[in-house]
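Visitor: I would like to see how this sequence folds:
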Amino acid sequence: MAVGIARPSCTSAVRGSRSGLLLLCLLVPLASASQNPFRKTVLIINDAGLAHPASALVTERVMSSLTADLRYQAEFYVESLDSTLFSDEDSQKESEAELVQQYGDRKIDVIVAVGPEPVRFLSRVSETFLPGTPVVFCGSTLVQAGGPKLTSRFTGTWITFDLAKTLEAAMRLSPGIRNVVVVSGNSPFDKANLNLTKSSLAAHPVPLEFTYLTDLDMTSLLERLRKLPEHTVVLYISFFRDASGNQFVNATTALPLVSTAASAPVFGVSDTYVGRGVVGGYVVSFAEQGKIASELVSQVFAGKNPADIRIVAGPSLYLFDWKQLKRWNLSASRLPAGSVVLNREPTPWQRAKWIVLSGLAIILGLTALVGYLLHKQKQVKAARNEQMRLSGLLINAHDEERSRLAGEIHDDFSQRLAVLSLGLETVAEGIPESLPETHRQMRELMESASELGADLHSLSHRLHSTILERLGLAAGVASLCKETSALNGTQVAFSQRDLPRSVSPEIALCLFRIVQEGLRNVQKHSGAAHAQVRIEKVDDTLHLSIADDGVGFDVEDSSRPQGLGLWSMRRRVRLAGGRYEICSKRQEGTRIEVWTPIKPDSDAGRTDSVAGSAPATATASEPGVI
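Guide: Numbering: from 1, shown residues only. You can find the predicted model right below:
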């Protein structure tokens with residue numbers, strides 16, 4: 001029965017034997033439109049069916065490697081001689097005859113022979129079966145193949161087989177072993193493998209006692225394996241059929257039964273055994289056999305004559321199963337150098353490394369973010385300090401300008417008005433009594449000049465209070481409260497407690513200006529009939545309170561614009577290193593609270609720290625329009 005599978009630019013087909021082999025198909029990826037891949041047909045002949053891991057592994061490696069080469073469009077036919085199933089020569093010859101009949105007239109570019117029986121078969125029919133077709137062999141030793149005479153159409157790779165290295169590895173892992181139990185089946189293939197085993201051990205003897213369990217049915221074999229003496233290891237060769245004629249799939253059926261029953265570690269001879277119950281050993285690498293065979297086929301595809309391609313020896317390797325090492329408490333540190341360990345359990349570091357590395361990455365990221373934020377915070381702080389410095393310069397310049405204007409008003413304009421008043425008085429005395437209207441007008445002018453002089457004097461005093469400089473903070477604020485009461489009609493009461501005799505001029509000016517601005521707000525916005533100003537010493541700070549019984553306002557109303565006066569008060573407090581709060585409710589009046597150090601903080605214009613107990617932050621619930 002022929003089975004074909006086709007796709008654009010790629011065709012691959014697999015032929016099955018009488019035993020119903022598995023269908024394998026690997027298709028070449030689409031080649032570009034500019035490429036014209038060469039069409040090649042490959043016949044793969046296995047010793048055992050594809051249900052056997054060794055045959056399947058070699059076949060898969062050959063097909064996957066060749067189909068990955070975009071230079072060729074490969075079509076595969078896979079057959080099996082099933083030599084492991086036949087107990088007589090006639091059945092074997094019948095299978096070979098069917099193969100000759102089926103493919104004798106086909107166009108085959110390369111034959112791949114996997115295992116000893118296909119090599120023997122093709123060497124016998126070399127002159128009659130597809131005589132011009134190159135043959136690439138693998139998966140067999142020269143001894144297993146019977147030392148055939150190979151013509152120029154043959155090239156390939158022989159298996160290297162050295163059981164002594166497996167047993168030496170077993171002795172390294174378990175130094176106390178003295179006995180080796182060799183397990184093998186009863187089929188012709190098993191017997192050939194057993195002879196090869198004995199020949200290998202004879203060539204490289206090891207100081208151990210050998211017991212051969214090769215002529216038993218499976219039940220008896222398993223019973224013997226359950227009762228092995230101490231200091232024993234099991235060497236598993238192959239097991240396709242037991243003494244009762246029962247057939248087994250060597251690696252996937254017989255080996256797990258043997259490994260489970262054995263009371264001692266089981267070592268093997270093939271890489272297809274590792275992971276199915278054996279500890280490991282110096283094993284034949286069927287994976288490497290398939291790789292080498294595919295490389296040789298590629299050379300043939302390229303037009304190279306098989307006679308010019310050197311036959312190579314496929315390497316074996318030390319291969320072990322981590323789970324079996326742990327099962328038998330064998331230390332991996334005793335393995336031969338260069339050993340490959342499969343199914344190794346990850347170490348705690350391997351299990352956790354991605355979590356740890358991810359955590360470190362997150363930590364580094366957060367550290368970088370924190371560093372960036374600290375840098376930005378430092379920049380913001382520097383900008384804030386610079387803003388505070390500029391605000392201080394602005395307020396100082398404002399105070400200096402007020403002082404200058406007050407001086408000019410007092411020294412210049414007030415004097416000139418006084419001279420003007422004297423001149424008007426002199427002129428009035430020279431006007432005849434017969435001009436009463438003129439006298440009246442002159443008196444009005446003199447009264448206006450006098451009122452203007454008083455207003456200028458009051459303005460000069462508000463701009464720069466000389467009382468503050470001459471008599472100190474308490475007298476200056478008291479005078480300001482009296483002046484406000486006299487001019488505005490709001491009764492302002494002033495009180496003080498424990499106020500030091502000497503208050504720093506900077507602090508005194510700060511508090512005086514805040515009282516001045518606060519009373520101006522009372523006059524303009526509150527409609528209050530009464531107000532109270534109190535200054536007292538609390539610990540190492542000065543506490544100023546300005547309260548009124550006016551209309552008040554909603555402190556939480558952020559839609560109300562902030563006035564310049566409020567900004568000035570807040571900046572003055574911050575520059576002095578103090579704290580500032582406003583408390584107010586509608587129809588319940590307003591209270592301004594200020595805490596400042598008695599002496600100015602030398603760092604107040606650069607940092608937010610505050611001398612004494614006063615906090616540095618001049619934040620508070622602040623009013624709207626002031």
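
Visitor: every contact and neighbour count from this point should use C-alpha atoms.
Guide: Will do.

Visitor: how much space separates Gly275 from Phe267?
Guide: 11 Å (CA to CA, to the nearest Å).

Visitor: for Arg534, same thing?
Guide: 100 Å.

Visitor: counting neighbours, go ahead and name the busier of these two.
Guide: Phe267 (29 against 19; other CA atoms under 10 Å).

Visitor: just checking, the more buried one touches Thr166?
Guide: Yes - Phe267 is within contact range of Thr166, at 7.4 Å (criterion: CA atoms under 8 Å).

Visitor: shared neighbours, those two?
Guide: Counting by CA atoms under 8 Å, 6 or more residues apart in numbering, the contacts common to Phe267 and Thr166 are 280-281.

Visitor: show me where the stretch 451-600 of the chain has its helices.
Guide: 466-471, 473-488, 505-521, 564-575 (DSSP state H, counting those that start in this stretch).

Visitor: now for the last one, which elements pack on it?
Guide: Where contact means 3 or more CA pairs under 8 Å, 6 or more residues apart in numbering; DSSP states H and E, helix 564-575 is packed against helix 348-408, helix 505-521, strand 579-584.

Visitor: so that helix versus strand 579-584, what angle?
Guide: 150 degrees (axes from the mean of the first three to the mean of the last three CA atoms, to 10 degrees).

Visitor: residues in contact with Gly268?
Guide: By CA under 8 Å, 6+ apart, the neighbours of Gly268 are 166, 235-237, 274, 278-281, 283.

Visitor: quick one, domains of the protein?
Guide: Split into domains by automatic domain parsing, the chain comes to 4-159, 163-285+315-346, 347-464, 472-626.

Visitor: and Ala293, what is it in contact with?
Guide: Counting by CA under 8 Å, 6+ apart, Ala293 has contacts 62, 112, 136-138, 156-157.

Visitor: one more pass at 7 Å, please.
Guide: By CA atoms under 7 Å, 6 or more residues apart in numbering, the residues touching Ala293 are 62, 136, 138, 156.

Visitor: show me the two of those residues that sit farthest apart.
Guide: Val62 and Gly156 (12.7 Å; CA to CA).

Visitor: excluding sequence neighbours, find me the nearest residue to Ile292.
Guide: Counting by CA to CA, 6 or more residues apart in numbering, Ile292 lies nearest to Thr157, which is 7.1 Å off, once chain neighbours are set aside.

Visitor: where's that neighbour relative to Leu435, distance?
Guide: Where Leu435 is concerned, Thr157 sits at a distance of 148 Å (CA to CA).

Visitor: so these two - more neighbours on which side?
Guide: Using other CA under 10 Å as the criterion, Thr157 and Leu435 rank with Thr157 on top: 24 against 9.

Visitor: quick check, that one in contact with Pro315.
Guide: No - under the criterion of CA atoms under 7 Å, Thr157 is not in contact with Pro315, lying 9.6 Å apart.

Visitor: before we move on, back to that, could the contacts of Ala293 go into JSON lines alongside neighbour count and pLDDT?
Guide: Formatted as JSON lines, those follow (neighbours: other CA atoms under 10 Å; pLDDT from 0 to 100):
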{"residue": "Val62", "neighbour count": "24", "pLDDT": "94"}
{"residue": "Val136", "neighbour count": "26", "pLDDT": "97"}
{"residue": "Cys138", "neighbour count": "29", "pLDDT": "95"}
{"residue": "Gly156", "neighbour count": "25", "pLDDT": "96"}
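
Visitor: filter these down to the ones in strands?
Guide: 136, 138, 156 (DSSP state E).

Visitor: ok, now how distant is the second one from Gly115?
Guide: Here the criterion is CA to CA. By it, Cys138 lies 6 Å from Gly115.
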